[in-house]
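Q: sequence unknown, structure follows:
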């Protein structure tokens, strides 16, 4: 698999869309981002110079529901937010090795780096 950098972190590319509209990148065991170069999905602009992403969404893996309040609060403390049902743990689709995940919007690249350090 390919590697790339996101905000100074060397990470593994897990998947890319057939048209290259988005790339799924594993930053740590618990943190995965879905980045886009074109932002055709109209996500909140949050550029990263290292990767070239114009925007991204962050996924945080949870082992169980008990971990949810900690990571929800960490995401909110770093200016992340949840849209509709994103703020509730769901079955993990993006974060390998975890049974649950939450989808966080609006984080800056620097905030994701802090979550990687804390997670």
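A: On my side now, so go ahead. Fair warning: this is a prediction, and the values are worked out from it, not measured in the lab.
Q: now the residue positioned nearest the centre of the chain: which helix or strand?
A: In the chain, the residue lying closest to the centroid (Cα atoms, centre = their mean) is residue 58, at 1.8 Å. For residue 58, the element it lies in under DSSP states H and E is strand 55-62.
Q: what packs against that strand?
A: Packing contacts for strand 55-62, counted by 3 or more Cβ pairs under 8 Å, 6 or more residues apart in numbering; DSSP states H and E, involve strand 31-36, helix 68-77, strand 100-104, helix 109-118. Where C-beta positions appear, they are placed from N, C-alpha and C, glycine not excepted.
Q: can you lay out those as a markdown table showing mean neighbour count, mean pLDDT and distance to residue 7?
A: Formatted as a markdown table, the helices and strands packed on strand 55-62 follow (neighbours: other Cβ atoms under 10 Å; pLDDT from 0 to 100; distance: least, Cβ to Cβ, whole Å):
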| stretch | mean neighbour count | mean pLDDT | distance to residue 7 |
| --- | --- | --- | --- |
| strand 31-36 | 24 | 95 | 10 |
| helix 68-77 | 16 | 94 | 16 |
| strand 100-104 | 23 | 96 | 15 |
| helix 109-118 | 18 | 92 | 4 |
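Q: quick one: closest of these to residue 18.
A: The minimum distance between residue 18 and the helices and strands packed on strand 55-62 falls on strand 31-36, with 13.9 Å, by Cβ to Cβ.
Q: mind putting the helices and strands packed on strand 55-62 into CSV with distance to residue 16?
A: As requested, the helices and strands packed on strand 55-62 are exported to CSV (distance: least, Cβ to Cβ, whole Å):
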stretch, distance to residue 16
strand 31-36, 10
helix 68-77, 25
strand 100-104, 19
helix 109-118, 19
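Q: please name the bridge partners of the residue nearest to the centre of the chain.
A: Beta-bridge pairing of residue 58, defined through DSSP bridges, involves residue 33, residue 104.
Q: quick one: contacts for it?
A: Residue 58 makes contacts with 31-33, 75, 80, 103-105, 107, 112, 115, as judged by Cβ atoms under 8 Å, 6 or more residues apart in numbering.
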